[in-house]
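S.K.: From the sequence below, what's the structure:
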Amino acid sequence: MNDINNVNKIIEKECDKLKNLLIQKNTDYGNSAINPLRIFSSASSLEQIKVRMDDKLSRIKNLQEKENKVKSETIEDTMFDLAGYIILYFVAKNIQGKNNDVRNG
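M.R.: Okay, the predicted model is just below:
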């Protein structure tokens, strides 16, 4: 049965998975979503994150159209990545509120 306690535990588990993935990637890639190197783009961190979200939405659309033809990534993997970028967007907004400009990182 899907009682509220069971659903709440599942929510907690999925949020913990996403949290752990974001922390691991942030550690592995040196805070690059919030403080990008800006070798090719001078866009703000927020704009760069929004571009990544757009890319993930495009990928979801393409994966749906190709059904099971793409083996390297599933729609669920891409949706999980999108959820991560949404969280990173709010992290960047939080930092921007403290620094007035995320680009100054």
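S.K.: What residues does the residue most central in space within the chain make contact with?
M.R.: Ranked by distance to the mean C-alpha position of the chain (Cα atoms, centre = their mean), the top residue is residue 85 at 1.9 Å. Contact partners of residue 85, counting by Cβ atoms under 8 Å, 6 or more residues apart in numbering, are 33, 49, 52, 53, 56. Every residue, glycine included, has its C-beta placed from N, CA and C.
S.K.: if we go to 10 Å?
M.R.: Residue 85 makes contact with 22, 33, 48, 49, 50, 51, 52, 53, 54, 55, 56, according to Cβ atoms under 10 Å, 6 or more residues apart in numbering.
S.K.: Also residue 3?
M.R.: Shown in contact with residue 3 (Cβ under 10 Å, 6+ apart): residue 9.
S.K.: Do you know the pLDDT at it?
M.R.: On the pLDDT scale, residue 3 is placed at 95.
S.K.: From residue 9, how far out is it?
M.R.: For residue 3, the distance to residue 9 equals 10 Å [Cβ to Cβ, to the nearest Å].
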